[in-house]
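[1] model this:
(one chain, ligands or ions: 1)
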Amino acid sequence: MTDHQAYAENQYPHLRQATAAFEARLRGQLIRPQDPDYEAARRVYNGMIDRRPRLIARCVDVADVVAAVNFARDNELPLAIRGGGHNVAGFGTCDDGLVIDLGPMKGIWVDSGRRRALVQAGCTWGDVDHATHAFGLATPGGLVSTTGVAGLTLGGGIGHLSRKHGLACDNLLAAQVVTADGRILTASRSENADLFWGLRGGGGNFGVVTSFEFELHSVSVVLGGPIFYALDQCDSALRFYRDFMADAPEELGAFFAFLIVPPGPPFPEHLHNQTVCGIICCYAGSLEEGEEVVKPLLEFGPPLFQHVDRVPYPLLQSAFDPIVPSGLHHYWKADFMPELSDNAIAAHVKHGPGIPTVQSTLHIYPTDCAVQRVPAQESAYCHRQARFVHMIAVASPDPEQMPAGIEWTRGYWNALHPHSTGGSYVNFLMDEGDDSVRATYGENYARLVALKNKYDPTNLFRLNQNIKPTM
Ligand SMILES: Cc1cc2nc3c(=O)[nH]c(=O)nc-3n(C[C@H](O)[C@H](O)[C@H](O)COP(=O)(O)OP(=O)(O)OC[C@H]3O[C@@H](n4cnc5c(N)ncnc54)[C@H](O)[C@@H]3O)c2cc1C
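    Here you go, the predicted model:
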């Protein structure tokens, strides 16, 4: 317990009583700083984040979430909501407040006939892919299986299937939400449609989502994996990637990367720890057609290494997990790009080869086809005109490597930013202030403020990429 927390407990005995009453209402566990589980429970994915909440409520059902929201509001405690805890800005935890940890809420119900899945808010994408794959179905999710469904979907959600089936939030059919006043609402196109609009990209600003209903698609075995090219070919590889993607069928998800080859299987020893560039692909359609589609990617270069094969979709979705375990230190910068222009390519060629650690990345994700078919005003997720989003990330288990890595990230981002749409992707933002949030939401910002005024006028849900109410 920090001095501040001890002081508050002594100064405010009513808080002790209110906490006891709250705990009596909870079915889940309430963790305090003196509890043995506290150290592990306060941590989030980004090891750089070191916050000490006063209480962590591990909610097991919607009633627990209602009790927790009411308790935080009535006692004016800072409130953090945690789905998978992957947010690099660390919004899944807080100092001196209450964390609502949805981790225990892991139910998934698949209705294969109607191609729907009802997913509780503590699930990861690994949980969802596992459950839906049994039916030969999937919905677009993130590229690392340990990422939370909740945060990723509420910010948009870009993945291998996005060119064909859109963002995760484009596949959201309904959500159950506990609002700041403790009500339980359903948000869909026909019920509380304004809230439904805000949930699809607006992050955790409007309430605690307790479950998500997703549309599912026929996806089972895909053709996918990495293809690496020599670093001195990166200029031509980037141009080739740009031109190839312009005509590629939307069944193909393929992102460009600079990376240091991890020192282990399946990578050949002579490439271990070498900096390369590459394309990671996933063809989710007829596998025979896919083999023809990816042929040019396998012929360009020729590649130093390729591992493209027929794999169950969940296997590809978890292929990166070992490289990015929880607890690494992370610092990220990102932007939406209208196109991969010659100027942007020049910036990549200058900065990409300087990637500092084996866990660091430059990724360029395509956000065209199905993502662009949704009008920008249709959901809170903005920048639908962007064909790509890039993410520059330094990551390391060693905090001493971070200052140089952060400098690399910022220098790289500064070189690319003038060629961007001017806004970033909310799920890749660190805590970068109000101007970044405004730029991220662009023309949708005013409507989001109006929604915030309606659903959370006192800004109870403010530990996020915050849309500030004006009331
Ligand atoms: C290794 C890694 C891989 C990633 N890959 C991808 C990717 O492929 N595609 C992509 O689009 N993004 C990706 N991301 C970014 C990811 O979308 C964000 O980090 C996202 O915030 C993670 O969601 P979470 O639930 O795990 O995080 P959390 O830290 O738990 O939450 C993130 C934010 O959402 C809010 N929130 C969480 N749950 C709820 C809820 N139930 N109701 C209301 N608000 C809630 C939190 O308050 C917080 O502000 C990746 C991140 C990491 C670290």
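
[2] skip the chain neighbours and tell me the closest residue to the residue most central in space within the chain.
    Per CA atoms, centre = their mean, the C-alpha nearest to the average position across the chain is that of L152, at 3.7 Å. When the adjacent residues along the chain are set aside, L152 lies closest to G142, with 5.0 Å between them (CB to CB, 6 or more residues apart in numbering). Heads up, the C-betas are built off the backbone N, CA and C, glycines and all.

[3] now H383
    By the measure of CB to CB, 6+ apart, the closest residue to H383 outside its immediate chain neighbours is F336, 4.2 Å from it.

[4] before we move on, what about Y365?
    Using CB to CB, 6+ apart and skipping residues adjacent in sequence, the residue nearest Y365 is F255, 4.8 Å away.

[5] where's the one you found, which helix or strand?
    Assessed by DSSP states H and E, F255 sits inside strand 252-260.

[6] so the residue nearest to L152 sits in a strand?
    No. Secondary structure assignment places G142 outside any strand; it is coil (DSSP: H, G, I helix; E, B strand; the rest coil).

[7] so where do the helices sit in the stretch 101-250 of the chain?
    With helices called from DSSP state H, counting those that start in this stretch, the stretch 101-250 of the chain shows them at 125-133, 149-155, 162-165, 193-199, 234-247.

[8] now do the contacts for P457.
    By CB atoms under 8 Å, 6 or more residues apart in numbering, the contact set of P457 is 180, 469, 471.

[9] surely the first one touches V208?
    No. With contact defined as CB atoms under 8 Å, A180 and V208 do not form a contacting pair (9.3 Å).

[10] find residues that contact each of those two.
    In the contact map built from CB under 8 Å, 6+ apart, the residues linked to both A180 and V208 are 69, 461.

[11] pick out whichever of these two has more residues nearby.
    Set side by side, A180 and V208 show unequal neighbour counts under other CB atoms under 10 Å, the larger going to V208 at 26 against 21.

[12] can you tell me, leaving aside adjacent residues, what's nearest to that one?
    What sits nearest to V208 in space, not counting adjacent residues and going by CB to CB, 6+ apart, is V178, at 4.5 Å.

[13] what does the stretch 101-250 of the chain put close to the ligand?
    Within the stretch 101-250 of the chain, the residues that sit near the ligand (CB under 6 Å from any ligand atom) are 102, 121, 142-144, 147-148, 150-152, 154-159, 203-204, 208-209.

[14] any of those buried? List them.
    Buried members of these, scored by 16 or more other CB atoms under 10 Å, are 102, 121, 142-144, 147-148, 150-152, 154-159, 203-204, 208-209.

[15] all strands of the stretch 251-400 of the chain, in order?
    Assignment of strands within the stretch 251-400 of the chain using DSSP state E, counting those that start in this stretch yields the ranges 252-260, 275-283, 305-306, 309-312, 329-337, 361-366, 388-396.

[16] what angle sits between the helix or strand following the last one and strand 329-337?
    This points to strand 388-396. Stepping forward along the backbone from strand 388-396, the first helix or strand reached (DSSP H and E) is helix 402-416. Calculated by axes from the mean of the first three to the mean of the last three CA atoms, to 10 degrees, helix 402-416 forms an angle of 0 degrees with strand 329-337.

[17] ok, back up a step: how near is the residue nearest to Y365 to V389?
    Distance, F255 to V389, by CB to CB, to the nearest Å: 10 Å.

[18] residues in contact with both of the two, list them for me.
    Joint contacts of F255 and V389 (CB under 8 Å, 6+ apart) are 364-365.

[19] residue contacts, L340?
    238, 241-242, 364, 387-388.

[20] now the two most distant members of those residues.
    Set against one another by CB to CB, the contacts of L340 have their most distant pair in L238 and R387, with a gap of 13.8 Å.

[21] neighbour-wise, which of these two wins?
    Relative neighbour count places L238 above the other of L238 and R387, with 23 against 20, counting by other CB under 10 Å.

[22] tell me the pLDDT of the more buried one.
    Per-residue confidence for L238 comes out at a pLDDT of 98.

[23] repeat for the one 10 residues further on
    A248 carries a pLDDT score of 98 in this model.

[24] ok, it touching E292?
    No. Look at A248 against E292 with CB under 8 Å: they stay out of range, at 11.6 Å.

[25] who has more neighbours out of the two?
    When neighbours are counted by other CB under 10 Å, A248 comes out ahead of the other of A248 and E292, with 22 against 10.

[26] setting aside sequence neighbours, what's the nearest residue to L26?
    Here the nearest residue to L26 in space, its sequence neighbours aside, is D64; by CB to CB, 6+ apart that works out to 5.4 Å.

[27] what's the spacing between the one you found and the ligand?
    Counting by CB to the nearest ligand atom, to the nearest Å, the gap between D64 and the ligand amounts to 13 Å.

[28] could I have the CA atoms of whichever helix or strand that residue is part of written out in PDB?
    Using DSSP H and E, D64 falls within helix 62-74. What follows is the C-alpha trace of helix 62-74 in PDB, where atoms were taken according to Å, rounded to 0.1, in the frame of the first residue of the first chain:
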ATOM      1  CA  VAL A  62     -22.500  -8.200 -15.600                       C
ATOM      2  CA  ALA A  63     -23.900  -7.600 -12.000                       C
ATOM      3  CA  ASP A  64     -20.300  -7.400 -10.800                       C
ATOM      4  CA  VAL A  65     -19.500  -4.800 -13.500                       C
ATOM      5  CA  VAL A  66     -22.600  -2.700 -12.500                       C
ATOM      6  CA  ALA A  67     -21.500  -2.900  -8.800                       C
ATOM      7  CA  ALA A  68     -18.000  -1.800  -9.700                       C
ATOM      8  CA  VAL A  69     -19.100   1.100 -11.900                       C
ATOM      9  CA  ASN A  70     -21.500   2.400  -9.200                       C
ATOM     10  CA  PHE A  71     -18.800   2.000  -6.500                       C
ATOM     11  CA  ALA A  72     -16.100   4.000  -8.500                       C
ATOM     12  CA  ARG A  73     -18.600   6.700  -9.400                       C
ATOM     13  CA  ASP A  74     -20.100   7.100  -5.900                       C
END
